[in-house]
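*Asks:* okay, sequence plus prediction incoming.
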Amino acid sequence: MRIIQDGTIALGPGKVSLLEAVREHGSISAAARSMNMSYRRAWLLMDELNRALESPATVSEHGGQSGGGSMLTPVGEEIVRLYRSIEARAATVCAPEIEALVKLVKV
């Protein structure tokens, strides 16, 4: 599932996975590394997502003695929760259609 805003993917599976990685690793750079993605690409995706929202999904602290980091806001947590819930419900409700699509995929 993707949400398109002004011709841009405001929210989709990649951004949700990146949010989960930020939650797990505590920084955009570590999240990017865990996904084999450049820091710049990850930062641009998070910036794009945050600009599309009424309130940001992540907050970042600048480096210092402790090195800074990023974390999900309550909005970011809610995005992950809602998105994964929609995925699970869709997989259940659409199981016959998904099975039919899988049969069309070359093995």
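*Replies:* Perfect, I can see it now. Here the structure is a predicted model, which means the values were calculated and not measured. Residues are numbered from 1 along each chain as shown.
*Asks:* the helix or strand harbouring Val16 - contacts with which helices or strands?
*Replies:* The secondary structure element spanning Val16 is helix 13-25 (assigned by DSSP states H and E). Helices and strands touching helix 13-25, by 3 or more Cβ pairs under 8 Å, 6 or more residues apart in numbering; DSSP states H and E, are helix 28-34, helix 39-52, strand 69-72, helix 74-93. C-betas here are computed from N, CA, C, even on glycine.
*Asks:* tell me which of those lies nearest to Pro13.
*Replies:* Evaluated with Cβ to Cβ, the helices and strands packed on helix 13-25 place helix 74-93 nearest to Pro13, the distance being 8.0 Å.
*Asks:* pLDDT averaged over the closest one - what is it?
*Replies:* What helix 74-93 shows for mean pLDDT is 97.
*Asks:* ditto for stretch 96-107
*Replies:* Across stretch 96-107, pLDDT averages out at 94.
*Asks:* isn't Gly68 up against Ala30?
*Replies:* No. Taking contacts as Cβ atoms under 8 Å, Gly68 lies outside contact range of Ala30: 11.2 Å.
*Asks:* who has more neighbours out of the two?
*Replies:* Ala30 (17 against 14; other Cβ atoms under 10 Å).
*Asks:* could you give the number of residues near the nearest residue to the more buried one once chain neighbours are set aside?
*Replies:* Using Cβ to Cβ, 6 or more residues apart in numbering and skipping the chain neighbours, the partner closest in space to Ala30 is Ala21 (7.8 Å). The number of residues packed near Ala21 is 20, by other Cβ under 10 Å.
*Asks:* separation between Ala21 and Val107?
*Replies:* In this view, Ala21 and Val107 are 30 Å apart by Cβ to Cβ, to the nearest Å.
*Asks:* what's Ser27 sitting at in phi/psi?
*Replies:* Here is the backbone geometry of Ser27 (degrees, to the nearest 10): phi -160, psi 160.
*Asks:* so the nearest residue to it once chain neighbours are set aside bridges to which residues?
*Replies:* Take Ser27 and drop its neighbours on the chain: the residue closest to it by Cβ to Cβ, 6+ apart is Gly69, 4.5 Å away. For Gly69, the beta-bridge partners under DSSP bridges are Glu61.
*Asks:* that'll do, ta.
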